[in-house]
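A.B. asks: sequence and predicted structure, then a few things I'm wondering about:
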Amino acid sequence: MTSDGSVRVAAVGDVHLDADVLGRYRPALEHLGDKADMLLLAGDLTRHGTADEARCVAQEFGGLAVPVIAILGNHDYHCDQEAEVTKVLEDGGITVLECSSTVLRVGDMRVGIAGTKGFGGGFAGACASEFGEPEMKTFTRHGRELAERFGVVLAELDCDVRIALTHYSPVPETLLGEPLEIYPFLGSYHLAQAIDAATAVGLAVHGHAHAGSERGTTPGGVPVRNVAHPVIKQAYNVYQLAPVLTPAPA
Ligand SMILES: [Fe+2]
Ligand SMILES: [Fe+2]
């Protein structure tokens, strides 16, 4: 925690670890406790979602001086081993969220983190709809339902300030640099709706958009940060999370 009471949130996504990448991040993580109060991993932790690759992630990001909170990305689902990947990470001391949450105490602050992989679907004016073929309905419904479940978990957190952790983006601003044609596969406005429906959300962190931009804002004013490693170009970024003041009930 900083002297003015801000929580220091380190975050990175899309580290895509396998045996060849092992060791790339660890040297920068050894003194993380001096710089941050937690580390968030925004999905795509592995290359193809195998248990062996997850062991590389656990080796690289386990046993740090700060709590490590992760969600999985689409790559971590590729080999249909997401349950095993999750178990390997948790055995390594990493908390893995999926439409679930955790609360960390930092000084006097209770910091609530809700996480989901999320899904695509697109943004206002250019999004998929639950209409027509069953395949299109299934695609669109998956994103909406995940966002709705995530929104309930986020809103119900008992804490002083909330963080939303997703793999897919809640806003189009942080996709800037990606081809417009693939925006519907990179994020969903349903995630932003879920974030804006909760109170005291101080930060939304996502990955997935390797060619996107770091900074954006939800329509409700929550800062959004795309922490995909190819975007931030370092082992992690650190964001200051100040207490979010909400108006007292009338
Ligand atoms: Fe990725
Ligand atoms: Fe991804």
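C.D. replies: Thanks, I have it. Ligands and ions are numbered 1, 2, ... in the order given.

A.B. asks: show me the contacts for H206.
C.D. replies: 13, 42, 118, 165-170, 174, 187, 224-227 (CB atoms under 8 Å, 6 or more residues apart in numbering). For the C-beta atoms, the positions are set from N, CA and C on the backbone; glycine is no exception.

A.B. asks: quick one: it and D34, what's the gap?
C.D. replies: Distance from H206 to D34, counting by CB to CB, to the nearest Å: 26 Å.

A.B. asks: E82 too?
C.D. replies: Where D34 is concerned, E82 sits at a distance of 33 Å (CB to CB).

A.B. asks: then P219?
C.D. replies: Following CB to CB, the distance that separates P219 from D34 is 36 Å.

A.B. asks: who has more neighbours, the two?
C.D. replies: Set P219 next to D34 and count neighbours by other CB atoms under 10 Å: P219 wins out with 13 against 9.

A.B. asks: correct me, but that one touches I195?
C.D. replies: No. Between P219 and I195 there is no contact under CB atoms under 8 Å: 9.5 Å.

A.B. asks: is stretch 13-26 up against ligand 1 anywhere?
C.D. replies: Yes. Using CB under 5 Å from the ion, stretch 13-26 reaches ligand 1 at D14.

A.B. asks: buried sites along that stretch?
C.D. replies: 13-17, 21, 25 (16 or more other CB atoms under 10 Å).

A.B. asks: chain center to that stretch, what's the gap?
C.D. replies: Chain-centre distance of stretch 13-26: 17 Å, with CA atoms, centre = their mean, to the nearest Å.

A.B. asks: kindly report the same for stretch 79-99.
C.D. replies: Worked out by CA atoms, centre = their mean, stretch 79-99 lies 14 Å from the chain centre.

A.B. asks: please enumerate the helices of this structure.
C.D. replies: Taking DSSP state H to define them, one finds helices in the chain at 26-29, 51-61, 82-91, 134-156, 189-197, 229-232.

A.B. asks: identify all contacting residues around the fourth one.
C.D. replies: Applying CB under 8 Å, 6+ apart, the external contacts of helix 134-156 come out as 99-101, 112, 114-121, 128-131, 162, 164, 166, 168, 188, 190-191, 193-195, 197-199, 201.

A.B. asks: average model confidence for it?
C.D. replies: Here helix 134-156 scores 97 as its mean pLDDT.

A.B. asks: buried sites along that helix?
C.D. replies: So, applying 16+ other CB under 10 Å, buried residues of helix 134-156: 139-140, 143-144, 146-147, 149-151, 153-154.

A.B. asks: ok, back up a step: just the buried subset of the contacts of helix 134-156, written out for ChimeraX, thanks.
C.D. replies: To isolate the buried members of these in ChimeraX, using 16+ other CB under 10 Å:
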select :99,101,112,114,115,116,117,118,119,120,121,128,162,164,166,168,188,190,191,193,194,195,198,201
